Every structure is written in C-alpha cells, then in structure tokens.
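> Sequence and predicted structure are below.
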Amino acid sequence: MKISTRGRYALRFMIDLAQHGGTEFITLKDVSKRQTISVKYLEQITSLLSKYGLLQSVRGPQGGYRLAKKPTEYTVGEILRITEGDLAPVACLSQPRNLCPKRKECPTISFWEGLNDTINAYLDSKTLDDLVKSVNQNDSIEFYI
C-alpha cells in the first residue's frame, strides 16, 4: 500500500481546517498558501470530501470550507479510504468477500489478512484530532544550541 499525493494532501487539508477553521469557513486560497498546495488540487480534494459529507461549504465572497464534524469524529482511515479507495495490501482482499478461487489453499492469505487488519485498525485508531495535536506538539518543541 502506498498513499498517493491526493491522500497526503487531503490529510493536510483536513488538519489545516481543524487548526484554523472552527465555526468559520476557510477559503481554499488561504489553505493553499499555508500548505503550498495548488487551489486546483484542493478543489479536487474538497469535491470528493464534500461528496461524502466530511465538509460543509459556502459559495461566494465570504465562502469557503469547514469541517462537518468535530476533529475527534474523523478517523484517518475514513479520510484515506475516501481519497485513496481501497487500502487492502493485496487485490483479493479488496472486496468485502474474498472471491479468489485459490483462497482456500493459499498459503499466504492469513498473512495478508493480518496485515490488512493491522493497517485498518491503526488507521481507524487515529483521529484528525490526534494529528492536529501531534502537529501542535511538534510546533512547540524548542531547540537550544
């Protein structure tokens, strides 16, 4: 599994909204400047996230985007599945039911199932709020020489 630019940028976008938004709507231009992501790319991401109800939006001069829920209510897994699609490490686990004709005699299926379960459990155990706190923690670290 390799997370694409879209998935990475979607997480950065959502973190930015959580940090700067609250009840206010944030423009893509503002996020673009802070995150150095093009507005065009952010438009693609917001379209997808809005379609699945993760964002609220308002058009017009005072428009923009904000989170539809609290940061604690989003999991990293949810955001990545929307932007990346399936996160299964092998094709036979991409469907809700493994239809591979070799599944009963496959010597590696239990390994792949375990990896899939571990990936999904980890991604679903981390919330957007956890990422925001992690970023804020890293920002407050001071170095002395």
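Arrived safely. Residues are numbered from 1 along each chain as shown.
> Going by C-alpha atoms from here, please, whenever you check contacts or count neighbours.
Will do.
> nearest residue to N116 other than its sequence neighbours?
A88 (5.7 Å; CA to CA, 6 or more residues apart in numbering).
> I misspoke; the intended subject was M1.
P89 (5.4 Å).
> what kind of secondary structure is the one you found in?
coil (DSSP: H, G, I helix; E, B strand; the rest coil).
> what about it, neighbour count?
Neighbour count for P89, taken as other CA atoms under 10 Å: 15.
> Would you mind listing the buried residues in stretch 89-108?
C92, L93 (16 or more other CA atoms under 10 Å).
> Give me the distance between the two termini of it.
12 Å (CA to CA, to the nearest Å).
> can you give me the mean pLDDT across that stretch?
Per-residue pLDDT over stretch 89-108 has a mean of 85.
> next one: phi and psi at T127?
T127 adopts backbone torsions of phi -100, psi 170, taken as degrees, to the nearest 10.
> hey, what's it bridged with?
Beta-bridge pairing of T127 under DSSP bridges involves T75.
> thinking again about what came up before, pull the contacting residues for the residue nearest to M1.
M1, W112, L115, N116 (CA atoms under 8 Å, 6 or more residues apart in numbering).
> Farthest pair within these?
Within the contacts of P89, M1 and W112 form the most distant pair, 11.7 Å apart (CA to CA).
> Neighbour count: these two, which is higher?
W112 (15 against 10).
> For that one, give its distance to L93.
8 Å.
> repeat for I37
Counting by CA to CA, the gap from I37 to L93 is 33 Å.
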